[in-house]
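Colleague: have a look at this prediction, sequence included:
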Amino acid sequence: MEYPSAYGFFFEGPGHPLIRRPMPALAPAAGEVVIEVSGCGICHTDVGFAVDGVPTRHPPPIVLGHEISGRVVDTGAGAAEWRDAAVIVPSVIPCGACPACCAGRPTICRRQFMPGNDGHGGFATHVKVPARGLCRVPDQLRPGLPLSWLSVIADAVTTPYEAIRRSRLTEDHVAVFVGVGGVGGFGVQIAAALGAAVAAIDVDGARLALAARHGATLTINSSESDVRSTRAAIRAFAQDSGRSGLGLRIFETSGTPAGQQTAFNLLDFGAHLAVVGYTPKPVELKLSNLMAFDATAAGNWGCPPDRYPEVLELVLGGGVSLDDYVEVHALDCAPNVFQRVVEHKLTRRAILTPTQ
């Protein structure tokens, strides 16, 4: 099938604006599909590529964007079952056959495909991706929940979900999120849906107010509170919560050096620190605190595709609300919208859609 009108916005190198160009040939090979994009979220990782000099594995020019939802319009051999299906594309697509995948660690697969990193991504009208791991979406969604919104499940929702799952968070625990923008805001909701007592820390009062409406019982503005006061407030909250789970569950979701320092300084006995946010900047930490508190720290690169359906059900069932956390923009406005994301001028997760 030919797509003569297909186009995307190409990243040509750090410091260069996104450029609209026709997409190259989109004929799917065996095991591949072509998706007509409904929506693609703009992630902090995209900013890292475009501004911070983090290299993409496929050299520029490349179409960025790894939070993709849409409908399959063409299939290669062995993928016919996906034709016409509404889907979410995993942000990290493992090969399924390497030692890491066979050992149950698909997110560290070295043959993985990440749209917008290993090949063209979703800042486009169409994208070609492997069919493996696609998450099927019901054809009929509730009113007010368009398919384009579900694109953010591919990273902003599934990544904190996986971090929370690995932390073994239960209703007996206290969860602390440092940075409650897109990823952290969804993390607050997931933790609250699991019954945990949730605290939110941020420098933005509006984000904290939103987190309070979506499950955070305690909010702390770190621009108005020093480390010692923040730590005291969190420990008092944990004591007053009546939760019996040992150790805080701390989630660093700001992706900033200051946020990572704050999160590390909150470690207590038996705590678990999940590093979810990313910054290329170095951070100075007293690493021996992990030993002193018998605590753990871990990161997660995305979420295995086989967990996407349960996250989708959480969203469709109302456990996680997207309404207050996303805003949709026309794909043709991609350069301007992307720059506004870079400059922190948007308060919600920006989604680009060709049909706006």
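Modeller: Yep, that arrived.

Colleague: in contact with A124, which residues?
Modeller: 6-9, 23, 37, 40, 63, 65, 331, 354 (CB atoms under 8 Å, 6 or more residues apart in numbering). The C-beta positions use only the backbone N, C-alpha and C, and glycine is treated the same way.

Colleague: same thing but 10 Å
Modeller: 6-10, 20-21, 23, 26, 35-37, 40, 63-65, 68, 115-116, 331, 334, 352, 354 (CB atoms under 10 Å, 6 or more residues apart in numbering).

Colleague: weed out the non-buried ones from the residues you listed.
Modeller: Among the contacts of A124, the ones that count as buried by 16 or more other CB atoms under 10 Å are 6-10, 23, 26, 35-37, 40, 63-65, 68, 115-116, 331, 334, 352, 354.

Colleague: looking at those, which are in helices?
Modeller: Members of the buried ones among the contacts of A124 lying in helices (criterion: DSSP state H): A334.

Colleague: which SS class is H16?
Modeller: The local conformation at H16, judged by DSSP: H, G, I helix; E, B strand; the rest coil, is coil.

Colleague: residues near it, how many?
Modeller: Neighbourhood size, H16 [other CB atoms under 10 Å]: 12.

Colleague: how near is it to F49?
Modeller: Applying CB to CB, to the nearest Å, the value for H16 to F49 is 11 Å.

Colleague: and Y325, by the same measure?
Modeller: 23 Å.

Colleague: what of E67?
Modeller: To F49, E67 is 14 Å away according to CB to CB.

Colleague: residues in contact with the closest residue to A193 other than its chain neighbours?
Modeller: Spatially, and ignoring its direct neighbours in sequence, A193 is nearest to G319 (4.0 Å; CB to CB, 6 or more residues apart in numbering). Applying CB under 10 Å, 6+ apart to G319 gives the contacts 189-190, 192-194, 215, 311, 313.

Colleague: just those residues: which are in helices?
Modeller: Reading helices off the contacts of G319 with DSSP H, I get 189-190, 192-193, 311, 313.

Colleague: among the residues you listed, give me the pair with the biggest separation.
Modeller: A192 and E313 (16.5 Å; CB to CB).

Colleague: more neighbours, the two?
Modeller: A192 (19 against 11).

Colleague: per-residue pLDDT, the more buried one?
Modeller: Confidence at A192, expressed as pLDDT, is 98.

Colleague: next: A297.
Modeller: Reported pLDDT for A297: 98.

Colleague: straight-line length of stretch 326-342, end to end?
Modeller: 16 Å (CA to CA, to the nearest Å).

Colleague: buried residues in that stretch?
Modeller: Quick answer for stretch 326-342 (16+ other CB under 10 Å): 326, 328-329, 331, 334, 337-338, 341-342.

Colleague: among those residues, which ones are in helices?
Modeller: Using DSSP H, these in helices are 334, 337-338, 341-342.

Colleague: and the buried residues of stretch 326-342 as JSON lines, adding distance to V275?
Modeller: Output for these, formatted as JSON lines (distance: CB to CB, whole Å):
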{"residue": "V326", "distance to V275": "24"}
{"residue": "V328", "distance to V275": "30"}
{"residue": "H329", "distance to V275": "30"}
{"residue": "L331", "distance to V275": "32"}
{"residue": "A334", "distance to V275": "29"}
{"residue": "V337", "distance to V275": "28"}
{"residue": "F338", "distance to V275": "25"}
{"residue": "V341", "distance to V275": "22"}
{"residue": "V342", "distance to V275": "23"}
